[in-house]
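[1] I need the structure of the sequence given here:
(one chain, ligands or ions: 1)
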Amino acid sequence: MKASTAKSAALSRQARRLMPGGVSSPVRSYPPYPRCIARGNGAYLWDVDGTRYVDLCLGFGPLLLGHAHPAVTRAVRAQAGKGTVYGAPCEDEPWVARRLRSLYPSLERVRFVSTGGEAITSVLRLARGFTGKPGVIKIDGGFHGSVDQLLVKAGSGAATFPSSSGVVASRDLPTYLAPFNDATAIRSLLEDHEDIGLVLLEPALGNMGLLLPEAGYLRELRRITRKAGVLLAFDEVITGFRVALGGAQERWEVVPDLTVLGKVLGGGLPLAAYGGREEIMSLVAPEGPVYQAGTFSGNPLSMAASRAVLETLSRPKLRDVERRTQALAQRLRDTFASAGVEAQVPTVGSILSIFLSPRTVRNADDARASEGKRYLELARGLLEGGVFVPQSPFESLFLSTSHDDAAVDRVVDALRLALRSGGA
Ligand SMILES: Cc1ncc(COP(=O)(O)O)c(C=O)c1O
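    Sure, this is the predicted structure:
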């Protein structure tokens, strides 16, 4: 019997009259209406009609410890009682900055901001300030937040809006596109255009489903950019803490000039950071001439949550969640194979995704060629079977340290059922 979604339907009707699509971010909207969520705990979410879901979305990535983790909840409660924004430095900022520097080789100095998009906007400005060059190379399918210069062939929710209306191509701020896993394309762009100062990418691309870097790709980008005198920035908003404690730069041993962190960093509260080599970061105001500021930057509530997350995470905990993610990916592959459905389930760290494709998916074009419409039917079946997954073929799935064997079993059972009832 299908669970009732009557309360979600009623709330969505109200919201749609008041808010575009009835949502605060486009990818939360899906037909006929999204489930409205009442609460989350550990690996689970409950909707307003009382249905429980294993959560593989985890707020689109931030909740590496799961929902309402006791350490984070305790820290946020304690800080809320002491105030939530001071307009002045707070004690946890240098603690978190020091911890980040010890984990991320590139983060000699950091600036805290509130969202990944804000961090990326700041990195673009800083790179221009440092190199004097306005152009950026981005990867087809890469998503870096609602940032004008980068909303071109973007992934995530923007993958269904290939170029946003209202974004104008600017000769003053040129954006060049390269496919993922193609270092030669980037070398050619750098040879042909002298106005490029920055190559920006998600080192494992998490916004077209999950695209993994092929052996040597990131290292080759490091070599090419260094040779061309161009900055290399890793957007580790998704990969940070998830592919290793020290992110993609630890896992694949490539040190970029600039790094952006977000999502997991704030433990479920709005927090992001950008940083890099001392020589570059010293240009940021008030030390240098590149201006960037924010009322909520480094606010004590987000910093307390971040400290709690960083104190709780450990390499053994990450190894456990990675092992469980690999096991889930293998069981999903086996389930697809038994049902005669051709599917790819790439995984790294605590991230995985599903492509209904007979071939390995190397780049955004391959991802677009996978069977998106069939995937949507499958995602719908999973949701109805009690697994909360994004209703889009271009999002990654996530596990947390709270996902146990029972949660993983439920996902596999739900997939089996969805395949049997014709989803995919
Ligand atoms: C890789 C990446 N960078 C940047 C962003 C933007 O972060 P935010 O949504 O916090 O602005 C996202 C958001 O999904 C992302 O996935």
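
[2] near the ligand, which residues of the stretch 101-250 of the chain?
    115-117, 120, 143-145, 156, 202, 206-207, 235, 237-238 (CB under 6 Å from any ligand atom). In short, each C-beta sits where N, CA and C put it, glycine included.

[3] Confidence-wise, which of those residues comes last?
    Lowest pLDDT within those is found at Ser156 (75).

[4] count of residues packed around it?
    24 (other CB atoms under 10 Å).

[5] so how far is Cys57 from it?
    For Ser156, the distance to Cys57 equals 12 Å [CB to CB, to the nearest Å].

[6] joint contacts of these two?
    Glu395 (CB atoms under 8 Å, 6 or more residues apart in numbering).

[7] Pick out the residue in the protein sitting closest to the ligand.
    Gly116 (2.3 Å; CB to the nearest ligand atom).

[8] give me the low-pLDDT residue ranges for the stretch 51-200 of the chain?
    Residues of the stretch 51-200 of the chain that meet the criterion pLDDT under 70 lie in 160-162.

[9] What are the boundaries of the helices in it?
    Using DSSP state H, counting those that start in this stretch, the helices found in the stretch 51-200 of the chain span residues 70-80, 92-103, 116-131, 183-192.

[10] Packing partners of the shortest one?
    This means helix 183-192. Helix 183-192 sits against strand 135-139, strand 175-178, strand 196-201, helix 217-228, with contacts defined as 3 or more CB pairs under 8 Å, 6 or more residues apart in numbering; DSSP states H and E.

[11] hmm, who's touching the second one?
    Think strand 175-178. 135-140, 149-150, 152-153, 169, 185-186, 189, 193, 196.

[12] And that strand, what's buried?
    Buried residues in strand 175-178, counted by 16 or more other CB atoms under 10 Å: 175-176, 178.

[13] Name the strands paired with it and say parallel or antiparallel.
    strand 135-139 (parallel) (DSSP bridges).

[14] In the strand it pairs with, which residues are buried?
    Neighbour counts over strand 135-139 (16+ other CB under 10 Å) mark 135-139 as buried.

[15] Tell me if stretch 20-37 is near the ligand.
    No - shown here: stretch 20-37 not in contact with the ligand (CB under 6 Å from any ligand atom), separated by at least 7.8 Å.

[16] Compute the first-to-last residue distance for that stretch.
    Using CA to CA, to the nearest Å, one end of stretch 20-37 lies 19 Å from the other.

[17] And stretch 304-322, by the same measure?
    For stretch 304-322, the first-to-last residue distance is 26 Å (CA to CA).

[18] next one: stretch 98-108
    9 Å.

[19] again, but for stretch 272-281
    Using CA to CA, the two ends of stretch 272-281 sit 16 Å apart.

[20] How about stretch 334-348?
    18 Å.

[21] tell me the most buried of the helices of the stretch 51-200 of the chain?
    helix 116-131 (a mean of 23; mean count of other CB atoms under 10 Å).

[22] That helix to strand 135-139, inter-axis angle?
    On the basis of axes from the mean of the first three to the mean of the last three CA atoms, to 10 degrees, helix 116-131 is oriented at 140 degrees to strand 135-139.

[23] what helices or strands is helix 116-131 leaning on?
    Secondary-structure packing of helix 116-131 (3+ CB pairs under 8 Å, 6+ apart): strand 109-113, strand 196-201, strand 231-235, strand 258-261, strand 272-276, helix 278-281.

[24] Indicate which one of those is closest to Thr84.
    strand 109-113 (14.9 Å; CB to CB).

[25] mind listing the strands for this protein?
    Along the chain, the stretches classed as strands by DSSP state E are 37-41, 44-47, 52-55, 109-113, 135-139, 175-178, 196-201, 231-235, 258-261, 272-276, 347-348, 351-352, 387-388, 397-398.

[26] Which neighbours in the sheet does the last one have, and how are they oriented?
    What that stands for is strand 397-398. By DSSP bridges, strand 397-398 pairs with strand 351-352 (antiparallel).

[27] who's in contact with the partner strand?
    Strand 351-352 has contacts (CB under 8 Å, 6+ apart) with 204, 206, 210, 238-239, 242-243, 325, 328-329, 332, 345-346, 396-399.

[28] from these, which ones fall inside helices?
    Judged by DSSP state H, those include 325, 328-329, 332 as members of helices.

[29] so which of those residues are also by the ligand?
    Counting by CB under 6 Å from any ligand atom, no member of the ones in helices among the contacts of strand 351-352 is near the ligand.

[30] ok, the nearest residue to Asp365 once chain neighbours are set aside - contacts?
    Of all residues not flanking Asp365 in the chain, Pro179 sits nearest, at 6.8 Å (CB to CB, 6 or more residues apart in numbering). Residues near Pro179 by CB under 8 Å, 6+ apart: 139-140, 185, 363-365.

[31] Repeat that for Leu126.
    Residues counted as contacts of Leu126 (CB under 8 Å, 6+ apart) are 258, 274, 280-281, 283-284, 290, 292.

[32] any chance of the helices and strands packed on helix 116-131 in TSV, plus mean neighbour count?
    TSV is the format used below for these (neighbours: other CB atoms under 10 Å):
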stretch	mean neighbour count
strand 109-113	23
strand 196-201	24
strand 231-235	29
strand 258-261	28
strand 272-276	27
helix 278-281	16
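
[33] And those: which comes nearest Glu93?
    strand 109-113 (6.5 Å).

[34] name the helices or strands packed onto the closest one?
    Strand 109-113 packs on helix 92-103, helix 116-131, strand 272-276, helix 278-281, going by 3+ CB pairs under 8 Å, 6+ apart.
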